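**Q** sequence first, predicted coordinates after that:
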Amino acid sequence: MNNLGLQGKSAIVTGGASGIGGAVTKLFVERGARVVAVDLQQEAGEALVRELGDSVAFLRGDVSDPAVARAAVELAVERFGKLDVLVNNASASRQKPFEEQTDEDWDLAMNSSLYATRNFMLAALPELKKTGNASVINFGSGAGLDGQPNQASYAAAKEAIRGLSRVVANEWAPHNIRVNVVCPMALTAGVVQWSKARPEQYAQSAAKVPLGRFGDPDRDVAPIVAFLAGDDARYMTGQTVMADGGAIKLR
Ligand SMILES: NC(=O)c1ccc[n+]([C@@H]2O[C@H](COP(=O)([O-])OP(=O)(O)OC[C@H]3O[C@@H](n4cnc5c(N)ncnc54)[C@H](O)[C@@H]3O)[C@@H](O)[C@H]2O)c1
């Protein structure tokens, strides 16, 4: 029997056309939700709509743009009547030593990760409040927790997202809006690219995973996001959940 734990929920997934975001979009739909997937990749977004039908609405846009965040919320309400879940998954960055990272590199990481998360949370708030039972899932990274070399701007943006999420978890708790963070480790196209650019770092990261492998976006990471989105996680907020095969253990 299908697990229909997200039946009737309306969600936005940023970066929802490929990688972990694509896996989240697909699993949410499989579990009964309807999803607005926001992404820069037109073709991947259209392919998702062909595959999943009316349960997905694709919005092509840059998550750094506050107007895109507002348009995504409007689209969710127009197509699905409400908004219960927001997944801030999109992120882009360049890996270089700290002293080589330019203002542009910092802008890319901050805008696509931290400010996009802020923009979408602000745009979504009025609708999330209306449902009286909402969930926001933001994406952090082991790169920040672990201080991975060549990830200064990205790590800074991701740790800022964790701080932001803890504050907003407290502020929005009275509205029963939960805010949690997932730090994944998954073999997506982006990671494959990184593994080719930095093979020694990739080998080191993989060797540190107690479960012995980089995760599968569909089977290892998306189900953890779906859990946080659903009512089984109704008593969890302000948490960082590691979806990384045990690589990092928070205390
Ligand atoms: N894959 C991992 O092992 C890993 C590890 C730590 C953290 N993360 C985090 O998990 C999330 C997903 O990672 P992934 O590996 O699936 O990434 P990915 O690069 O494979 O996919 C990211 C998606 O976001 C979209 N995107 C990027 N910038 C965008 C923008 N400005 N506007 C709209 N869409 C944009 C891309 O088109 C893509 O579809 C990210 O927040 C990432 O930082 C991933």
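**A** Okay, I see it.
**Q** grab the nearest non-local neighbour of Ser91.
**A** Distance criterion C-beta to C-beta, 6 or more residues apart in numbering; nearest residue to Ser91, sequence neighbours excluded, is Ser113 at 4.4 Å. Using the backbone N, CA and C atoms, a C-beta is placed for each residue, glycine as well.
**Q** quick one: contacts for the closest residue in space to Pro217 that isn't next to it in sequence?
**A** In this structure, Pro217 finds its nearest non-sequential neighbour in Ala23, 3.8 Å apart by C-beta to C-beta, 6+ apart. For Ala23, the contact set (C-beta atoms under 8 Å, 6 or more residues apart in numbering) comprises 186, 217-218, 221-222.
**Q** quick one: the helix ranked longest in the chain to chain centroid distance?
**A** For the chain, the helix reaching the highest residue count under DSSP state H is reported as helix 152-172. Relative to its parent chain, helix 152-172 has a centroid offset of 13 Å by C-alpha atoms, centre = their mean, to the nearest Å.
**Q** state the distance from Tyr235 to Arg166.
**A** For Tyr235, the distance to Arg166 equals 16 Å [C-beta to C-beta, to the nearest Å].
**Q** ok, now Gly245?
**A** Counting by C-beta to C-beta, the gap from Gly245 to Arg166 is 24 Å.
**Q** does the residue nearest to Ser91 count as helix, strand or coil?
**A** Secondary structure, DSSP: H, G, I helix; E, B strand; the rest coil: Ser113 is helix.
**Q** can you check Val24 too?
**A** State at Val24, reduced to three classes by three-state DSSP: helix.
**Q** measure it to Ser165 for me?
**A** From Val24 across to Ser165, the span is 17 Å (C-beta to C-beta).
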